[in-house]
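> what shape does this take:
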Amino acid sequence: MSYRDVVSRRVLAWALVAVGARMPVAMAPLALVFLVRERPGGYALGAALAAAYVIGEIVGAPVLGMRLDPGRARPHLAAGLVAGAVGFAGLGAFATAPAALLAAFAFLAGAGPAAVPGGLRALLTSLVPRHAAAQALSVESMLTFGVWAVSPAAVTGLALGVGPRLPLLLEAALMAAAALGLWLLPAGWAAEPDGPGGRDASKLRVLARAWPVYVTGAAGLSLLSLAELVLPALLEQRGIGVGWAGPLLTVMSVASAAGAFAYGLRSWPGRLATRSVVLMAGMSAAVSLVALIPTAPGMAVALAVAGLLQSGALLTRNLSLREALPPHALAAGYSVMYAAVGAGYAATGSLAGALLPHTTPSTAILAGVSLTLLLTVVGWWGESRGGRSVRGVGVGGNGGAVGAEGAAVGGGGDSQRGL
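Numbering: from 1, shown residues only. Model (predicted):
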């Protein structure tokens with residue numbers, strides 16, 4: 001297996017558009033905190049604005065994703081990016097406005113482009129041969145993890161070195177540039193005819209049948225929530241400087257990018273559903289070790305292992321979804337996955353946040369890992385008993401299924417906040 005089939009000018013243009021669309025998403029939560037932190041109750045307000053932004057993403061992704069027309073996706077995606085640019089520009093331009101107005105801008109910034117990651121993923125896989133789907137999604141994961149690795153440093157440097165408005169204005173400019181960049185790409189991707197029940201009814205039906213994939217996808221990002229939100233408190237519990245949180249999370253992101261690259265290099269045995277469970281179990285074990293190891297170097301090793309496995313787990317979910325859904329529902333399915341992983345991130349983070357005042361950070365992490373394992377088991381159970389996928393082959397796959405992974409990576413069977 002190699003990446004030669006995904007190396008082209010169109011894929012390079014797609015990557016530039018994807019960076020412009022996703023860098024603002026990665027920068028947004030921290031940028032919102034820096035924007036208002038000097039106001040009375042600034043940190044609480046920043047958290048509230050970040051919550052409004054995430055709620056916008058969770059609401060906007062499935063609603064707008066359902067409306068994407070595969071053959072004419074460009075105007076839909078461009079409109080979403082422009083709406084996001086307006087939201088970010090409003091936050092940067094009116095930083096001293098009342099909290100309610102800022103929350104409205106934050107919601108718009110999250111909801112407007114929420115269907116764009118799913119649309120761009122569907123567009124990417126249409127730009128490469130079918131057998132290179134796994135490599136294309138690996139490239140997407142590497143790009144995403146790279147963006148998430150550099151975004152915190154970029155926000156911090158700009159907010160503290162120049163001014164807290166600048167990251168938001170930069171995010172607006174990046175989204176506007178991404179909207180223009182869409183005209184370097186095809187207007188959409190090929191899709192199968194809709195079923196007799198009509199487009200919306202058909203999409204609702206097929207999306208509902210793929211629910212186990214969304215549950216497992218939510219489990220994958222819930223562990224990232226634990227690592228990001230509880231790590232500073234855990235470092236304090238261990239007597240380690242909180243400043244180590246940034247470098248440790250960077251180690252995890254770099255390892256995730258390396259894992260995504262490795263996943264696309266070769267064929268991997270087993271069904272996608274089984275592979276996902278194994279990777280999630282390994283990642284859960286690694287995050288549990290983070291809660292138990294008393295030293296920063298040991299935590300770094302455990303986080304690196306977690307990141308390495310996380311990228312593979314998310315890729316298997318994206319590949320499973322691509323196999324389970326027909327082309328006309330792919331962008332909507334990816335958008336629902338985007339909302340699901342956001343919900344999983346929020347649920348585990350909320351659980352850990354609720355436990356922190358009453359228990360130690362290490363115990364909060366272990367409780368979050370337990371929730372993640374529960375979601376993983378539920379998703380695996382759903383895939384195991386799901387029988388037939390919406391395409392007429394098992395979502396979990398079988399020896400005769402010809403799915404994205406079967407063609408691309410040789411899996412005899414049967415994918416993520418997009419990430």
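> CA atoms for contacts and neighbours, from now on please.
OK.
> just the helices in the stretch 51-200 of the chain please.
Counting by DSSP state H, counting those that start in this stretch, residue ranges of the helices within the stretch 51-200 of the chain are 73-93, 99-111, 116-126, 133-161, 166-181, 199-209.
> which of those helices sits closest to A13?
helix 166-181 (7.7 Å; Cα to Cα).
> C-alpha coordinates for the closest one, CSV please?
Provided in CSV are the C-alpha atoms of helix 166-181 (Å, rounded to 0.1, in the frame of the first residue of the first chain):
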residue,chain,number,x,y,z
LEU,A,166,-6.7,38.9,16.5
PRO,A,167,-7.2,35.1,16.7
LEU,A,168,-11.0,35.5,16.0
LEU,A,169,-10.3,37.9,13.1
LEU,A,170,-7.7,35.4,11.7
GLU,A,171,-10.3,32.7,11.9
ALA,A,172,-12.8,34.8,10.0
ALA,A,173,-10.2,35.4,7.3
LEU,A,174,-9.3,31.7,7.0
MET,A,175,-12.9,30.7,6.6
ALA,A,176,-13.5,33.3,4.0
ALA,A,177,-10.4,32.2,2.1
ALA,A,178,-11.6,28.5,2.3
ALA,A,179,-15.0,29.6,0.8
LEU,A,180,-13.2,31.1,-2.2
GLY,A,181,-10.9,28.1,-2.4
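> helices and strands around that helix, which ones?
In terms of contacts (3 or more Cα pairs under 8 Å, 6 or more residues apart in numbering; DSSP states H and E), helix 166-181 is packed against helix 9-36, helix 73-93, helix 133-161.
> tilt between the second one and helix 99-111?
Same thing as helix 73-93. Orientation note: helix 73-93 sits at an angle of 150 degrees relative to helix 99-111 (axes from the mean of the first three to the mean of the last three Cα atoms, to 10 degrees).
> contacting residues around helix 73-93?
21, 35, 68-69, 102, 105-116, 119, 165-169, 171-176, 178-180, 182-183, 186-189 (Cα atoms under 8 Å, 6 or more residues apart in numbering).
> now with 7 Å?
Applying Cα atoms under 7 Å, 6 or more residues apart in numbering, the contact partners of helix 73-93 are 68, 102, 105-106, 108-110, 112-113, 116, 165-166, 168-169, 171-173, 175-176, 179, 182, 187-188.
> so A149 touches M252, yeah?
No. Contact criterion Cα atoms under 7 Å: A149 and M252 do not qualify, at 8.7 Å.
> who's more crowded, the two?
In terms of neighbours (other Cα atoms under 10 Å), M252 is the more surrounded of A149 and M252; the figures are 25 against 22.
> give me the low-pLDDT residue ranges for the chain?
Within the chain, the ranges that satisfy pLDDT under 70 run 1-2, 190-203, 225, 386-419.
> try 50 this time
Within the chain, the stretches with pLDDT under 50 are 194-198, 387-418.
> now do the contacts for M280.
Taking Cα under 7 Å, 6+ apart, we find M280 in contact with G220, A313.
> and it, what element?
According to DSSP states H and E, M280 maps onto helix 272-292.
> re the thing from before, show me which of the contacts of helix 73-93 are buried.
68, 102, 105-106, 108-110, 112-113, 116, 165-166, 168-169, 171-173, 175-176, 179, 182, 188 (16 or more other Cα atoms under 10 Å).
> report the angle between the helix or strand where G382 lies and helix 272-292.
With secondary structure defined by DSSP H and E, G382 is part of helix 361-385. Helix 361-385 and helix 272-292 are oriented at 170 degrees to each other (the same axes, to 10 degrees).
> show me what helix 361-385 is packed against.
Applying 3 or more Cα pairs under 7 Å, 6 or more residues apart in numbering; DSSP states H and E, one finds that helix 361-385 contacts helix 211-238, helix 272-292, helix 327-355.
> can you lay out these as JSON lines showing distance to R385?
JSON lines is the format used below for the helices and strands packed on helix 361-385 (distance: least, Cα to Cα, whole Å):
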{"stretch": "helix 211-238", "distance to R385": "10"}
{"stretch": "helix 272-292", "distance to R385": "12"}
{"stretch": "helix 327-355", "distance to R385": "20"}
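> and of those, who's closest to V59?
Evaluated over those, closeness to V59 peaks at helix 327-355, with 7.3 Å, by Cα to Cα.
> distance from the chain centre to that closest one, please.
Averaging C-alpha positions (Cα atoms, centre = their mean, to the nearest Å) puts helix 327-355 8 Å from its chain's average.
> check which residues of it are buried.
Result for helix 327-355 [16+ other Cα under 10 Å]: buried residues 327-353, 355.
> how many residues are close by L204?
By other Cα under 10 Å, 14 other residues sit near L204.
> and for A154?
Applying other Cα under 10 Å, we find 13 other residues in the vicinity of A154.
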